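Trainee: Would you be able to build a 3D model of this:
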Amino acid sequence: MQKILFFVDRVSTWVGHAFAWLILVLTLQVSWEVFSRYVLNRPYAWSFDLMIMFYGTMFMMAGAYTLAKNGHVRGDVLYGFFPPRLQAGLDLLLYLLFFIPGIVALVWAGYTYAAESWAINEHSTLTASGPPLYPFKTIIPIAGILLLAQGIVEIIRCIVCLKQGEWPAREHDVQEVDVDKLKEMVHVKDEDIVKLDEYVIHPKGGKP
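Mentor: A predicted model of the protein is given here:
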């Protein structure tokens, strides 16, 4: 099981690294457009469309990579102090309620948009010579599928943590929450964490 999880992590990482090169392509393209417009006095009408497509592609294809590296925005000031089982329970609930339905909808809608775009040979209408849109729209379902696969991996990790009481191993370059640093920032002591754990595991008036 761990090999499968790491395999999906590595696929997400490889895709993220590969599409990260688009930032260089985008930089060169913008620089050339500025040079052509203000030095050569020869602007290209389709350049703005291309900028949007490059940026959108890079943004979408980074989703699975960011999830694999545990880099999406989260309320770490509170989350980092929770015991692993509580963290996993909250993550699992949010994945099932919001992540899975949202990403499935993204894949379905993206596939529909891409299929229609290919069928009509769609081009951008912002300019007279707009570039084709169907390659860009094809990225939407592909990015959704990659993100869904990585999300399923994270759900499996949540289930494992709920059973074992600790998070399973991740890739060596994944940035985990630095709880010690958080303690210094918000002036929380170890005994406060113990009280929080006891409250979660043995709530007042409840049973273990």
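Trainee: Could you pick out the longest helix of the protein?
Mentor: Assignment by DSSP state H gives helix 134-164 as the longest helix of the chain.
Trainee: For residue 116, give its distance to residue 138.
Mentor: Separation of residue 116 from residue 138 (C-beta to C-beta, to the nearest Å): 11 Å. Yep, even glycine has a C-beta here, placed from its N, CA and C like the rest.
Trainee: ok, residues contacting stretch 85-93?
Mentor: With C-beta atoms under 8 Å, 6 or more residues apart in numbering as the test, stretch 85-93 has contacts from 79, 82, 154-155, 157-159, 161-162, 165, 167, 200.
Trainee: sorry, back to before: if you count what's nearby, which of residue 116 and residue 138 comes out ahead?
Mentor: Each of residue 116 and residue 138 has its neighbours counted (other C-beta atoms under 10 Å); residue 138 has more, 18 against 12.
Trainee: so the more buried one makes contact with residue 112?
Mentor: No. Under the criterion of C-beta atoms under 8 Å, residue 138 makes no contact with residue 112, lying 11.8 Å away.
Trainee: Now do the contacts for residue 111.
Mentor: Per C-beta under 8 Å, 6+ apart, neighbours of residue 111: 140-141.
Trainee: What residues sit buried inside the helix or strand containing it?
Mentor: Assigned by DSSP states H and E, residue 111 belongs to helix 100-119. For helix 100-119, burial by neighbour count (16 or more other C-beta atoms under 10 Å) applies to 103, 106-107, 110-111, 113-114, 117.
Trainee: Keeping just the C-alphas, turn that helix into CSV.
Mentor: The C-alpha trace of helix 100-119 is given here as CSV (Å, rounded to 0.1, in the frame of the first residue of the first chain):
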residue,chain,number,x,y,z
ILE,A,100,-14.4,14.7,-3.7
PRO,A,101,-17.7,16.2,-4.9
GLY,A,102,-15.9,19.4,-6.0
ILE,A,103,-13.2,17.6,-8.0
VAL,A,104,-15.6,15.1,-9.5
ALA,A,105,-17.7,18.1,-10.7
LEU,A,106,-14.5,19.7,-12.1
VAL,A,107,-13.5,16.6,-14.0
TRP,A,108,-17.1,16.1,-15.4
ALA,A,109,-17.5,19.8,-16.4
GLY,A,110,-14.0,20.0,-17.7
TYR,A,111,-14.5,16.9,-19.9
THR,A,112,-17.7,18.4,-21.3
TYR,A,113,-16.0,21.8,-22.0
ALA,A,114,-13.1,20.1,-23.7
ALA,A,115,-15.2,17.8,-25.8
GLU,A,116,-17.4,20.6,-27.1
SER,A,117,-14.3,22.8,-27.8
TRP,A,118,-12.7,20.0,-29.9
ALA,A,119,-16.0,19.4,-31.7
